[in-house]
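Student: Return atomic coordinates for the entry below.
(2 chains)
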Amino acid sequence: GEDVEQSLFLSVREGDSSVINCTYTDSSSTYLYWYKQEPGAGLQLLTYIFSNMDMKQDQRLTVLLNKKDKHLSLRIADTQTGDSAIYFCAHDSGGGADGLTFGKGTHLIIQP
Amino acid sequence: NAGVTQTPKFRVLKTGQSMTLLCAQDMNHEYMYWYRQDPGMGLRLIHYSVGEGTTAKGEVPDGYNVSRLKKQNFLLGLESAAPSQTSVYFCASSYYNEQFFGPGTRLTVL
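Tutor: Numbers count the residues shown, from 1 in each chain, chains lettered A, B, ... in the order given. Predicted coordinates:
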């Protein structure tokens, strides 16, 4: 299977919460990341979590990490039309310098 | 600060042609990376550098070469372009654990 797996699409109503899930296989990861990509743009770092934490909150964003199950989630509260984008889960390999491994991305679709 | 910039933004090549993509960063970062993004795929690491004068292979290095002669620049070369190299190329630089990405170069090989 893939090293990092995400659902391809998620549709939510404006104002609801969005929860994007990710599973990974590499247990040596030190940091896990969420990136946002808008159409035709580069990747924007949204947030990241250290592997010995289980939760991190940053304004409307909440990251939950279950290290035992190798499951990462991103919750976006009060989802707005501007949140429409592709969200990528990624992790390092524990070495810090040798790049990130990405999932295929989840398209977040906002319904009015 | 401009952050991470990439040149060019778009390019169309014929099979067998060569080209160089330039990445520049003004954040004094030690680490720099080249990724490619294909439709329906996440980013895949091509090559990376942990400092001036050093380079290393990533997940998909075949058909590409890189050079890091100056700390602020990381060049990606295609010696003989193939249609399979049609992709969007992203450069990134990092200090410690945060990677900052450039806007991308869209390359089409006919």
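
Student: When you work out contacts or count neighbours from here on, use the C-alpha atoms and nothing else.
Tutor: OK.

Student: Can you give me the distance of residue B:80 to residue B:50?
Tutor: If you measure residue B:80 against residue B:50 using C-alpha to C-alpha, to the nearest Å, the figure is 26 Å.

Student: Looking at these two, which is more packed in?
Tutor: Comparing residue B:80 with residue B:50 by other C-alpha atoms under 10 Å in any protein chain shown, the one with more neighbours is residue B:50, at 19 against 15.

Student: got a list of what the more buried one touches?
Tutor: Going by C-alpha atoms under 8 Å, 6 or more residues apart in numbering or on different chains, residue B:50 touches A:97, A:98, B:30, B:31, B:32.

Student: Wondering if stretch A:98-111 reaches chain B at all.
Tutor: Yes - judged by C-alpha under 8 Å from any C-alpha of the partner chain, stretch A:98-111 comes into contact with chain B at A:98, A:99, A:100, A:101, A:102, A:103, A:104, A:105.

Student: Of the contacts of residue B:50, which is the nearest to residue A:112?
Tutor: residue B:32 (40.1 Å; C-alpha to C-alpha).

Student: could you say which helix or strand contains the residue in chain A positioned nearest to chain B?
Tutor: Taking C-alpha to the nearest C-alpha, chain B has its nearest neighbour within chain A at residue A:104, 3.9 Å off. Counting by DSSP states H and E, no helix or strand carries residue A:104.

Student: Can you redo the contacts of residue B:50 as CSV, where the extra columns are secondary structure, neighbour count and pLDDT?
Tutor: Converted to CSV, those look like this (DSSP: H, G, I helix; E, B strand; the rest coil; neighbours: other C-alpha atoms under 10 Å in any protein chain shown; pLDDT from 0 to 100):
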residue, secondary structure, neighbour count, pLDDT
A:97, coil, 20, 72
A:98, coil, 20, 77
B:30, coil, 16, 94
B:31, strand, 26, 95
B:32, strand, 32, 96
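
Student: Just confirm residue A:87 contacts residue A:103, I think it does.
Tutor: No - taking contact to mean C-alpha atoms under 8 Å, the distance of 9.1 Å between residue A:87 and residue A:103 leaves them out of contact.

Student: Show the pLDDT at the closest residue to residue B:75 other than its chain neighbours.
Tutor: Distance criterion C-alpha to C-alpha, 6 or more residues apart in numbering or on different chains; nearest residue to residue B:75, sequence neighbours excluded, is residue B:22 at 4.8 Å. Looking at residue B:22, its pLDDT is 97.

Student: What residues are bridge-paired with residue B:22?
Tutor: Following DSSP bridges, residue B:22 is listed with bridge partners residue B:7, residue B:75.

Student: Sweet, I'm off.
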